[in-house]
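Enquirer: following is a predicted model, sequence given first.
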Amino acid sequence: MALTYTTPEAVFAKIQLALETAGFQGVDRQKGLKIDNYAYPGCFINDVMQTRKTLLRNVIDVTHFVSIPVFEKDTAGTMHTTLNGIIQTALAALKADPTWGGLCMDGTIERVTTDEGFYAPYCVAIIQLKLNYLARN
Amino acid sequence: MADSQRLQALAALQSALDAVSSLATVEHGYEEQELSTYDDTDTPIIFIIPTTENYVWEKSMHHLCSLTVVCPMYFLDDGTDAQQGEALIQAVRNKIGEDITLGGKVAEARVMSISFAGTFPLWKVVFTMRLRYEKRIDNV
């Protein structure tokens, strides 16, 4: 039966498109957190770690951990409200299709951590995403 | 004691499974091979692994042996067509059942049990088979 094989790049492109569609301006990939260099609300898509299990010589089961910092500048003095707003927007985009267009077997949000004022006047949340897909060797 | 009858019985089982068109690869050995040495085009793959052998009855120069063979089978499936596993099981069962003497090489070949052990996307089905064959002992 037909199985879908993909690459990290193909999945990341889907994630980037979903976040841009949701309204994130400064979507960038594999970059450090220098939020004042980017438009906001913005986010980065960072490749954290992969675990690769070889099922067959040319069939690999990949579990891919992705870290996505999302950020916004708070201009109204309601940092928590602002932060909650971008978290909800990002989660809605990331959870809309766990298969990312059929490329992945599963995609789950593992954790959301917030900065609690450390980057004020910016507010930052880091969303950790776990992807599971099949890749070719 | 020559092992020729046992090897003939196993070769007959291999020939029977080779004739199952839906199986891509049939491997005979004394242990399961590492799956990462096979490509997806090698699946469905089935291994023939003899395990235990005992005598059902014995006479001075003549034994009826019962050989238990474990046959793990692996196949890739995206999970949308649940019939593939059923079809493979049926094909193997039918092949053994249509001639339980395996071309006259054994007294009886049977599929004793079938169990599903795999997970998506590489499914595993384990057949436990029993081959009974007569063994002559020439040098008593």
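Expert: That came through fine.
Enquirer: please enumerate residues in contact with stretch A:75-95?
Expert: A:15, A:18-19, A:21-24, A:41, A:43, A:68, A:70-72, A:74, A:107, A:109, A:112, A:114, A:117, A:120-121, A:123-125, A:127, A:129 (Cβ atoms under 8 Å, 6 or more residues apart in numbering or on different chains). (C-beta placed from N, C-alpha, C; glycine too.)
Enquirer: cool, stretch A:102-122 as well?
Expert: A:4, A:6, A:10-11, A:14, A:35-36, A:40, A:65, A:71-75, A:79, A:83, A:87, A:91, A:94-95, A:97-100, A:123-134, B:120-121.
Enquirer: give me the buried subset of these.
Expert: A:6, A:11, A:14, A:35, A:40, A:71-74, A:79, A:83, A:87, A:91, A:94, A:100, A:123-134, B:121 (16 or more other Cβ atoms under 10 Å in any protein chain shown).
Enquirer: so where's chain A uncertain?
Expert: Low-confidence segments of chain A, defined by pLDDT under 70: A:1, A:30-37.
Enquirer: counting residues, name the longest helix you see in it.
Expert: For chain A, the longest helix by residue count, based on DSSP state H, is helix A:79-95.
Enquirer: got the CA coordinates for that one in PDB?
Expert: Output of helix A:79-95 as PDB, limited to C-alpha atoms (Å, rounded to 0.1, in the frame of the first residue of the first chain):
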ATOM      1  CA  MET A  79       1.300  41.600  28.100                       C
ATOM      2  CA  HIS A  80      -0.400  38.500  29.200                       C
ATOM      3  CA  THR A  81      -3.500  39.200  27.000                       C
ATOM      4  CA  THR A  82      -1.200  39.900  24.100                       C
ATOM      5  CA  LEU A  83       0.800  36.700  24.700                       C
ATOM      6  CA  ASN A  84      -2.300  34.600  25.100                       C
ATOM      7  CA  GLY A  85      -3.600  35.900  21.800                       C
ATOM      8  CA  ILE A  86      -0.500  35.000  19.800                       C
ATOM      9  CA  ILE A  87      -0.300  31.600  21.500                       C
ATOM     10  CA  GLN A  88      -3.900  30.800  20.600                       C
ATOM     11  CA  THR A  89      -3.300  32.000  17.000                       C
ATOM     12  CA  ALA A  90      -0.200  29.900  16.700                       C
ATOM     13  CA  LEU A  91      -1.700  26.800  18.300                       C
ATOM     14  CA  ALA A  92      -4.800  27.000  16.000                       C
ATOM     15  CA  ALA A  93      -2.500  27.100  13.000                       C
ATOM     16  CA  LEU A  94      -0.200  24.300  14.200                       C
ATOM     17  CA  LYS A  95      -3.100  22.000  15.300                       C
END
